[in-house]
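Undergrad: Please find the sequence and the predicted model below.
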Amino acid sequence: MNIVVCIKQVPDSAQIRVHPVTNTIMRQGVPTIINPYDLFALEEALRLRDRYGGEITVLAMGPPMAKQALEKALAHGADRAVLLSDRRFAGSDTLATSFAISRAIANLGLRRAPEIVLTGKQTIDGDTAQVGPGIARRLDLQQLTYVTKIVSVDLRAREITVERRSEGGTQTLKSRLPCLISVLEGGNVIRRGSVADALRAARTQIESWRAADAGIVEIAKCGLSGSPTVVKRVFAPTPRAERAIQIGAIGNESGRLADEVIASIFEHQPALEASIQPNGLT
C-alpha cells in the first residue's frame, strides 16, 4: 500500500504573540512543532502499514526549516520525506496551498499512485480545515473527513471502511480507493519511534522540491498571485475585565444549588426573568 501523509510545521500556539503596533503574529523566537492534528494522521498511516504493509511518504510545504518536522516524522517511522519549498509559494492561502500540494502528490504518483492520502483535520495556525478537502477535489479523490478510525482496507476490492464523527454520533462509511482522509483527534496517540527509526532518520536524505520538481507549471496559481484571501487584521482579543462569579458552595443540595443559580441569573439578567413570567409568555 502506498500512503502519503501531509504535515505542516507550525509555531507553537501556546507561545504565539501579536505585535501591539503592527497587529501581526510575531514568529521570531517562537518554537515550531508538527501540527498536532497531523500526528494523528501519521499514526493512522503507521497502523495501516503495520496491518497491510507498504510505504509511507511524508510531504510538507514550507521554508527550508520545515525539514525539522520531516525529520521528526521519519523518526516516528515514516519511510520517505519530501519538502515542497520555493519562494514562489510564499503567501499561499488555502487555495494556493492545496493546488501546490496536489501537484506534488500527483508527481509522487508517477512512480506509484497512492491508495490513501492522510491529513490532519486542520492546522492550529489557520483552523480552516480547507486544505485536505481542496487536495481531494483537485486530485478527484474520494473524500472522508473527521475520521476517528480506519476499520479496514480491502486492497483487492479497492474499498475502505472508516468511522467518522458527525453531529448525530458516529457514522460507519465504506468508500472506494483511492481516497483522502482527514483524521480527527482522539482516535490514537502517536507512537514513540524506535532507536532504529531515529538512526535511519538521521541518515535519510530529505528530498527538497522546487515548483518545477513537483511538476508545477501554472506558477500564477501559487503564492500570493494564486491566493484570493486577504487578511485585513490580526489581533489579540481584549482580556475580560469582569471576573467569574461563584454561585453556591460545594456540598450544597442539588435543588438548593439550582435555585441559587436561577436567582443569580435573574439578578444579572432582569429582562430575562420578566420575559419568562406567565404574563410575559407568547
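TA: Perfect, I can see it now. Keep in mind that this is a model prediction, so the values were computed, not measured. Numbering: from 1, shown residues only.
Undergrad: In the protein, which strand is the longest?
TA: Secondary structure of the chain per DSSP state E: the longest strand is strand 142-154.
Undergrad: what's the following helix or strand after it?
TA: strand 159-166 (DSSP states H and E).
Undergrad: got a list of contacts for that following strand?
TA: 116, 144-154, 170-177, 179, 181, 184 (CB atoms under 8 Å, 6 or more residues apart in numbering). No exception for glycine: its C-beta is placed from N, CA and C like everyone else's.
Undergrad: List the buried residues of it.
TA: By 16 or more other CB atoms under 10 Å, the buried positions in strand 159-166 come out as Ile160, Val162, Glu163, Arg164, Arg165.
Undergrad: from these, which is closest to Gln122?
TA: Within those, the smallest distance to Gln122 is 13.8 Å, found for Arg165 (CB to CB).
Undergrad: Which residue comes closest to the closest one once chain neighbours are left out?
TA: Tyr146 (5.0 Å; CB to CB, 6 or more residues apart in numbering).
Undergrad: likewise Gln130?
TA: Once flanking residues are discounted, Gln130 sits nearest to Thr94: 4.1 Å by CB to CB, 6+ apart.
Undergrad: For the one you found, give its distance to Asp125.
TA: Using CB to CB, to the nearest Å, we find Thr94 at a distance of 12 Å from Asp125.
Undergrad: likewise Ala157?
TA: 39 Å.
Undergrad: More neighbours: the two, which one.
TA: Taking other CB atoms under 10 Å, Ala157 and Asp125 do not tie; Asp125 has more neighbours (16 against 10).
Undergrad: how near is that one to Val18?
TA: 13 Å.
Undergrad: Next, count neighbours for Thr97.
TA: Thr97, neighbours per other CB under 10 Å, totals 27.
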